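> Whatever this is, show me its structure:
(one chain, ligands or ions: 1)
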Amino acid sequence: MARNAWTVLSLAIFGILAVLVGCSSEEDRVEPLCQPDQFVIGEEPGPGEFVAGYASSELFFTRTSEFVSASGPHGDVRIWYSKNIEELIDNMCFIVPEGTTAIKEEDFSGSGEVEAMVLMIKKDDAYDPENNNWYYEQLDEKGDPTGDESDRGKIGSCIDCHSQFADFDYLGGTKLKSGE
Ligand code: HEC
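Predicted coordinates:
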């Protein structure tokens, strides 16, 4: 009888451990909810670089001309995307083309001023295929590089969080609009 109890107990412990191990090995990657055939694949390439006059450039558009308070760690934000994805982002599942560029202004303190900026550029298929080929960069409040090498490239902390937006090709803000 006692032996049976031990058997049950050890099976239960084994079961719990198996679940825990299973969960922790899966948490690295968030799988898209969309099925592979549901993704709309964008074709028109984007500028592929930070454009200093983005706010008035014909190469960019925004749906957040006023700061919106966002869910992420970036405070209140305004986001510009390159024009080549203006219609694409209305789809529920999409993949953006190479050169697509996203620029985000951040206001952490609620001052109404831009306090820092971040940039994402979609690179070619060989750049970082495991993580949808995005280049990330942290910029200063004027949009200039910070001078710190760790603020640019395949930044792990950016990738870890942005991978949750797998249905939108790692873009987290495409459904945000000012005034809503
Ligand atoms: C903890 C989660 C998280 C981390 C870490 C993170 N982001 Fe974001 N990011 C978001 C969310 C959420 C949005 C959508 C807008 C918002 O809520 O601010 C976003 C939006 C963006 C955008 C606008 C384009 C878009 O729609 O995604 C850029 C550019 C961006 N982030 C760059 C970066 C960079 C560069 C880093 C690393 C230095 C970074 N992010 C780290 C969550 C994160």
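
> give the contact list for the closest residue to Asp128 other than its chain neighbours.
With Cβ to Cβ, 6 or more residues apart in numbering as the criterion, Asp128 has its nearest non-adjacent residue at 5.1 Å, and that residue is Lys154. Where you see a C-beta, it was placed from the backbone N, CA and C, and this is true even at glycine. Residues counted as contacts of Lys154 (Cβ atoms under 8 Å, 6 or more residues apart in numbering) are Tyr127, Asp128, Asn131, Trp134, Tyr135, Tyr136.

> Which strand residues bridge the last one?
Read that as Tyr136. Each beta-bridge partner of Tyr136 is listed here, defined by DSSP bridges: Met120, Gly153.

> hang on, it packs against Gly156?
No - applying Cβ atoms under 8 Å as the test, Tyr136 and Gly156 come out as separate, 9.5 Å apart.

> Between these two, which is the more surrounded one?
Between Tyr136 and Gly156, counting by other Cβ atoms under 10 Å, Tyr136 is the more crowded of the two (21 against 11).

> can you tell me the helix or strand for Ser160?
Wrong residue type there; residue 160 is Asp, not Ser. Here Asp160 sits within helix 156-162, counting by DSSP states H and E.

> ok, back up a step: reformat the contacts of Lys154 as TSV; add pLDDT.
Formatted as TSV, the contacts of Lys154 follow (pLDDT from 0 to 100):
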residue	pLDDT
Tyr127	98
Asp128	98
Asn131	97
Trp134	98
Tyr135	98
Tyr136	98
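
> filter those by proximity to the ligand?
Contacts with the ligand are made by Tyr136 out of the contacts of Lys154, judged by Cβ under 6 Å from any ligand atom.

> Just the strands from the chain, written as ranges.
For the chain, the strands defined by DSSP state E occupy 40-41, 60-62, 68-69, 76-82, 94-95, 101-107, 116-122, 134-139, 152-153.

> low-confidence ranges in the chain?
Within the chain, the ranges that satisfy pLDDT under 70 run 1-29, 71-74.

> so what's the spatially most central residue of it up against?
Centroid-nearest residue in the chain: His162, 3.0 Å away (criterion: Cα atoms, centre = their mean). His162 sits next to Met120, Trp134, Tyr136, Tyr170, Leu171, Gly172 when contact means Cβ under 8 Å, 6+ apart.

> How about Asp107?
Phe67, Gly75, Asp76, Val77, Glu113, Val114, Glu115.

> Good, we can wrap up now.
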